[in-house]
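J.: Let me see the structure of the following:
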Amino acid sequence: MRILLIGNLAPPYEEESLNNISLLKRLQSDGHECMAINISENPPGEKGFIHSKGYIDFVLKLIRHAWKMDVIHFSTKGYLRLGLLKLMTSILVGRFYGARTVITLHSELFSIMGQMRSPVGGRQTLFTSFAFAHKIICEDRDTYEVANIFKRKHNLVMVPSFICIPDEMKAHESRLLNKLKDKKRVIVFSNLQYPSFLFDVMDNLLNRSLDPDIGIIISISEKPSVKLQHVLEEKARRLSRNLIFVENDDILSSIEAHSRADLILRPLSCEGKAFFSGFTASIKRPLHTGEYIYFPNSILFIKEGEVANLCAHTIYQILMEKIDYFPRTEVEDFYRRIKEIYEGE
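T.: All right, here's what the predicted structure looks like:
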């Protein structure tokens, strides 16, 4: 198949961009002819991706590269008006070219933002996109239920977000994985910035008496990151053996960090932009198999008053498996499910 994947493909790397990039690479390794257009304002971190600057530039590149494609797959969190306009345009161009059109709604706040869309412009964009798309992939139940508001036909499916573990990572043990060998539990703070609610939560966690078997991986979204890294190392000097820093544009290390994580905390984001970082944070517990990392469920922390200490306590209790806020989900081969969607099944 010839597949055009459109979505966030740029650093700082987190679940959304890692999902898009690893899916693309897995399809390529299976022999499919793939191209990718990056819709993030940040330039892609790897060669071979097409970077669009603004709506007109995006449309021109879409028209050029969508020609003779079998599948056009647009991935979004559905926050930004410009992103929704690009979504609708991609679906209509794909239909015009006779391609199979697929939308992935990455779960985060679509279940809230979708209902808040303006009746003039926003809702029409979603109605049009959903009406012409062959399939709409929702990553959780809340997203699925809100997407039902906009559907015009039975074209919704549920497939959790996942990251394909690349062969080069499975073939060797990196410096990062060697540091984590003796850690029974690992927590990842992804795309950390200061000041932010996520930083406050981490600060409170570091002030606790953490077990030595807990590893803490930190990816700082700010550039340069050296100053903030130094502050964290000084603050958590007694936990120096627990702290591991990963560059936010190092894709292999980012996947490795996710592959070992018991919990992942990060700011809310869309197309590489952080949103509501002053009062929200996302926490996810991934499921691990030999080839994939799945993200079936999540919790949203919202700051109301001085709650950073409570959130840190909650994280610690989850890590110690004293409480479980995450319902269990049956795991299947969701990559195979994506290919079935592409093939029209």
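J.: If you count neighbours, what's buried in stretch 262-273?
T.: Using 16 or more other Cβ atoms under 10 Å as the test for burial, stretch 262-273 gives Asp262, Leu263, Ile264, Leu265, Arg266, Pro267, Leu268, Ser269, Cys270, Glu271, Gly272. Backbone N, C-alpha and C define where each C-beta goes, glycine included.
J.: quick one: low-confidence ranges for the stretch 151-300 of the chain?
T.: For the stretch 151-300 of the chain, residues meeting the criterion pLDDT under 70 lie at 169-177, 224, 235-239.
J.: Which of the buried residues of stretch 262-273 fall within strands?
T.: Leu263, Ile264, Leu265, Arg266, Leu268, Ser269, Cys270 (DSSP state E).
J.: ok, those vs Gly290, which is closest?
T.: Distance to Gly290, by Cβ to Cβ, is smallest for Ile264 among these, at 19.3 Å.
J.: helix or strand for Phe74, which one?
T.: Phe74 belongs to strand 71-76 when assigned by DSSP states H and E.
J.: got the buried residues of stretch 262-273 as TSV, with distance to His65 columns?
T.: Putting the buried residues of stretch 262-273 into TSV (distance: Cβ to Cβ, whole Å) gives the following:
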residue	distance to His65
Asp262	39
Leu263	38
Ile264	32
Leu265	36
Arg266	30
Pro267	31
Leu268	30
Ser269	25
Cys270	23
Glu271	19
Gly272	21
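J.: Return the member of those residues nearest to Gly98.
T.: Nearest to Gly98 among those: Glu271, at 27.7 Å, using Cβ to Cβ.
J.: how close does the closest one sit to Asn242?
T.: 33 Å (Cβ to Cβ, to the nearest Å).
J.: Over to Gly290?
T.: 27 Å.
J.: Of those two, give the one with the bigger neighbour count.
T.: In this view Gly290 and Asn242 are compared by other Cβ atoms under 10 Å, and Asn242 has more residues nearby, 20 against 6.
J.: wait, doesn't that one sit right on Ser209?
T.: No - counting by Cβ atoms under 8 Å, Asn242 sits too far from Ser209 to count as a contact (11.7 Å).
J.: Look at Leu92 and say how many residues are nearby.
T.: Leu92: 15 surrounding residues under other Cβ under 10 Å.
J.: Looks to me like it is in a strand.
T.: No - assessed with DSSP: H, G, I helix; E, B strand; the rest coil, Leu92 is helix; it does not lie in a strand.
J.: Now do the contacts for it.
T.: Residues near Leu92 by Cβ atoms under 8 Å, 6 or more residues apart in numbering: Thr128, Phe132.
J.: what about 7 Å?
T.: When contacts are counted by Cβ atoms under 7 Å, 6 or more residues apart in numbering, Leu92 touches Phe132.
J.: Which residues does His51 form beta bridges with?
T.: Asn38 (DSSP bridges).
J.: Over to Leu287?
T.: Tyr294.
J.: Measure how buried Asn155 is and give me the count.
T.: Neighbours of Asn155 under the rule other Cβ under 10 Å: 18.
J.: Could you do Leu105 as well?
T.: As a burial measure, Leu105 scores 25 neighbours (other Cβ under 10 Å).
J.: Strands along the stretch 101-250 of the chain, start to end?
T.: 135-138, 156-158, 161-164, 185-192, 214-220, 243-247 (DSSP state E, counting those that start in this stretch).
J.: Could you export those strands to a markdown table, including columns for mean neighbour count and distance to Gly278?
T.: As requested, those are arranged in a markdown table below (neighbours: other Cβ atoms under 10 Å; distance: least, Cβ to Cβ, whole Å):
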| stretch | mean neighbour count | distance to Gly278 |
| --- | --- | --- |
| strand 135-138 | 24 | 28 |
| strand 156-158 | 17 | 32 |
| strand 161-164 | 24 | 25 |
| strand 185-192 | 24 | 14 |
| strand 214-220 | 23 | 17 |
| strand 243-247 | 19 | 23 |
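J.: Go through the ones you listed and name the closest to Pro43.
T.: That would be, of these and by Cβ to Cβ, strand 243-247, which comes in at 15.7 Å.
J.: what does the closest one rub up against?
T.: Strand 243-247 is contacted by residues 176, 179, 215-219, 229, 232-233, 236, 253-254, 257 when judged by Cβ under 7 Å, 6+ apart.
J.: Between which two of the residues you listed is the distance greatest?
T.: Ala236 and Ser254 (21.3 Å).
J.: Those two: which is more packed in?
T.: Ser254 (29 against 19).
J.: And the more buried one, how close does it get to Pro11?
T.: 8 Å.
J.: try Leu82
T.: Using Cβ to Cβ, Leu82 is found at 20 Å from Pro11.
J.: Right, I'll leave it there.
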